[in-house]
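> Would you be able to build a 3D model of this:
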Amino acid sequence: MKSNYTIRWAKHLSLWMILLAFAGCENDPKDFQDATYSTNPEVFIDGFTPGLIYAAFSETVVKAFQVDKDVTYDNSSASMRIDVPNVNDPAGNYAGGTFFLTVGRDLTGYDALTFWAKSSKAATVDVIGFGNDLGANKFQTAINGVRMSTVWTKYIIPIPNASKLKIEKGMFFFSEGPENGEGYSFWMDEVKFEKLGTIAHAQVAIYNGTNKTETSFNGIQSSVSGLTATFNLPNGIDQTVVTPLAYLDFTSSHPDVATVNEVGVINTLTSGSTVITATLGGQPVLGSLTLNSLGTYTHAPAPTRNADKVISIFSETYPNVPVDYYNGYYAPYQTTQSADFTVANDNVLNYTDFNFVGIQFSAPTIDASSMSHLHIDLYLPNAVAAGSTFKIEVSDWGADAAFGGGNDVTGNRTFSGTTLVSRNWISLDIPLSSLAGLTNKAHLAQIIFSGTNITNVYADNIYFYNDGSIIPPVPTTAAPTPTTAAANVTSVFSDAYTNIAGTDLNPGWGQTTVATQVPIAGNNTLKYLGLNYQGIQLGSAQNVTSKNFLHLDYYTANSTSLKVYLISPGPVEKSYTLTVPSLGGWNSVDIPLSSFAPVNLANVIQLKFDGNGNIYLDNIYFKN
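Alright, predicted model coming up:
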């Protein structure tokens, strides 16, 4: 199956290597026709036009392009040969590059880029076009899925509005990957701009030809979307062209409410309504946007939960985990577009033309075993129709952390009725236990939103959190740092103090407990795995009659019984029962030494713990 290399070249426009700089004087006086810039239409005619530079896109096979003098169109002197690599070629993933000038040309006298092409086998080239200058690419225009055969065929790429191309540097570009895993070659020749005069019936639209209505606020910036352009070629075929908004001219009916610039960026200024329309070469295009500004923007409520109990997907309050994308755009069924905006340094996800959308965070997946809830703030700027629903799905990809591995599970929750209010932030705190079907939370990878009768959604503060009802099996933060002065402490185990010399933290008393020391956030911590009982043999007998308390920090996620003992010779021992589990993190206790009577506090030789579960201990010391 062919990979989507059309997306790859769009993402990797960085220059890998300039292969060729074709010598010559670009501004030859004979090329000028009372114009500031050259009107030379040629790109490759028996060789390259003067001044043309080739640059390969990143991750491509750098030497995929060659000049070929053996296979040419109509017995010309040379052609452009592109050698597409096989899958997993160590030299590069695909073939792609752009031919550009350092001094632009005036192309206003032409209406198309044309070329002849053939391939070594029937194939479909991902993308061919012009306007890529390794800079702003303001007028980048292309056709996708160019079907080629072993016979030379002429191809035509219409120029949507030639009057805009007064100083164009991007003459030609291409991108293609292996077909069914295999490479091949294709040739192009007689590449030039032409004035055909027979390209007609332009069908151009914004917002996919619909008259759309959206709500906005002061300070919000968005872009015109849904641009489509189709032209009728001389052979009668309708050719769809991938083209930028810069070819159009935009108008705002009330520029005091919102302005729209030459590349379709809309800035909302104040409350009111305005209609955004466009023309192409003076002719109206289909579609419009009625923008209703409600004035001052209201931010979503600021989160207040502790960061150490949060796994954030999208929020300014917390550090976010790596996210693959906030809108995967699953063609052909998804209509949802992204019009994300920023107001006063607050980033907001904005899903327009909403039907469903996926947020993916799979590299790596998220272990939310210790999380109890999913929080999402939603804002529905348009009126909510009767029968509207909003569905949230959370997917776990299983231990293989791969989609479709046979162990994926998904849970969902649907909201409707009075929950879905218009023009107010809706804060959803969803217990993960309520997502029927989500039987595992250790490898979460996706959140999917879908809905009915909802066309526009703002989303903010998307995060998982622990409300204290779930204890992580292993502490993620160190025990609190002690603040008692060292002069008032006799320490058994703590990084903060000098401990009693010679103390045996794991004497062999016949216990089954597995006792180890582990670092927790850089702090040395005692770990008792599978506790039945565990002793500590002090390096020397201690007189703690001048002390008032035994201090402990302990953490457990699964214990139902935990006691601590002091022991003096005899043996004389007395226990103190600790409260378990310690919900929400470390539990710090100061136990009055009087609680251990009749233990001889002038001759304490041992401590002991008994109970069950897994226990973490730190900062064990006597203090005033």
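
> Can I get the strand or helix carrying residue 127 in CSV, CA atoms only?
Residue 127 is located in strand 123-130, with elements delineated by DSSP states H and E. Provided in CSV are the C-alpha atoms of strand 123-130 (Å, rounded to 0.1, in the frame of the first residue of the first chain):
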residue,chain,number,x,y,z
ALA,A,123,1.7,4.9,-11.3
THR,A,124,0.1,7.8,-9.4
VAL,A,125,2.5,10.5,-8.4
ASP,A,126,1.5,12.1,-5.1
VAL,A,127,1.9,15.8,-6.0
ILE,A,128,3.2,18.0,-8.7
GLY,A,129,3.0,21.8,-8.7
PHE,A,130,4.6,25.2,-8.6
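
> residues in contact with that strand?
Residues from elsewhere that reach strand 123-130 (CB atoms under 8 Å, 6 or more residues apart in numbering): 2, 4-6, 9, 113, 115, 119, 140-148, 155, 157, 168, 170-177, 179, 184, 186, 188, 242. Using the backbone N, CA and C atoms, a C-beta is placed for each residue, glycine as well.

> Please point out which parts of the next helix or strand after that strand sit buried.
Per DSSP H and E, the first helix or strand lying C-terminal to strand 123-130 is strand 141-148. Buried residues in strand 141-148, counting neighbours by 16 or more other CB atoms under 10 Å, are found at 141-143, 146, 148.

> Switch those over to a markdown table; also include distance to residue 471.
As requested, these are exported to a markdown table (distance: CB to CB, whole Å):
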| residue | distance to residue 471 |
| --- | --- |
| 141 | 58 |
| 142 | 55 |
| 143 | 58 |
| 146 | 59 |
| 148 | 62 |
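
> and of those, the nearest to residue 291?
residue 141 (27.7 Å; CB to CB).

> Quick check: chain neighbours aside, which residue is closest to residue 245?
residue 264 (3.6 Å; CB to CB, 6 or more residues apart in numbering).

> and what of residue 460?
Spatial nearest neighbour of residue 460, excluding adjacent residues (CB to CB, 6+ apart): residue 300 at 4.1 Å.

> Test my guess that the one you found contacts residue 426.
No - between residue 300 and residue 426 there is no contact, the gap being 9.5 Å when judged by CB atoms under 8 Å.

> Measure how buried residue 521 is and give me the count.
Neighbours of residue 521 under the rule other CB atoms under 10 Å: 11.

> Same question for residue 214.
Residue 214 has 22 neighbours, counted by other CB under 10 Å.

> Please apply the same query to residue 136.
13.

> Parallel or antiparallel, which strands does the host helix or strand of residue 80 pair with?
Taking DSSP H and E as the criterion, residue 80 maps to strand 79-84. Next to strand 79-84 in the sheet, as set by DSSP bridges, lie strand 65-68 (antiparallel), strand 184-194 (antiparallel).

> Which of these sits closest to residue 543?
Here strand 65-68 is closest among those (CB to CB), at 86.2 Å.

> Tell me the buried residues in that closest one?
For strand 65-68, by 16+ other CB under 10 Å, it's 65, 68.

> Quick check: beta-bridge partners of the closest residue in space to residue 98 that isn't next to it in sequence?
Closest residue to residue 98 apart from its sequence neighbours, by CB to CB, 6+ apart: residue 173 at 3.8 Å. Assessed by DSSP bridges, residue 173 has beta-bridge partners residue 98, residue 129.

> Compute the number of surrounding residues for residue 173.
26.

> At which residues are the helices of the protein located?
Remark: helices assigned in the chain by DSSP state H are 5-11.

> mind checking which helix or strand of it has the lowest mean pLDDT?
Within the chain, no helix or strand scores below helix 5-11, which has a mean of 38 by mean pLDDT, DSSP states H and E.

> The residue nearest to residue 245 contacts residue 248, correct?
Yes - with contact defined as CB under 8 Å, residue 264 counts as touching residue 248 (7.0 Å).

> and these two? which has more neighbours close in?
Neighbour tally, residue 264 and residue 248, criterion other CB under 10 Å: the higher count belongs to residue 248, 25 against 19.
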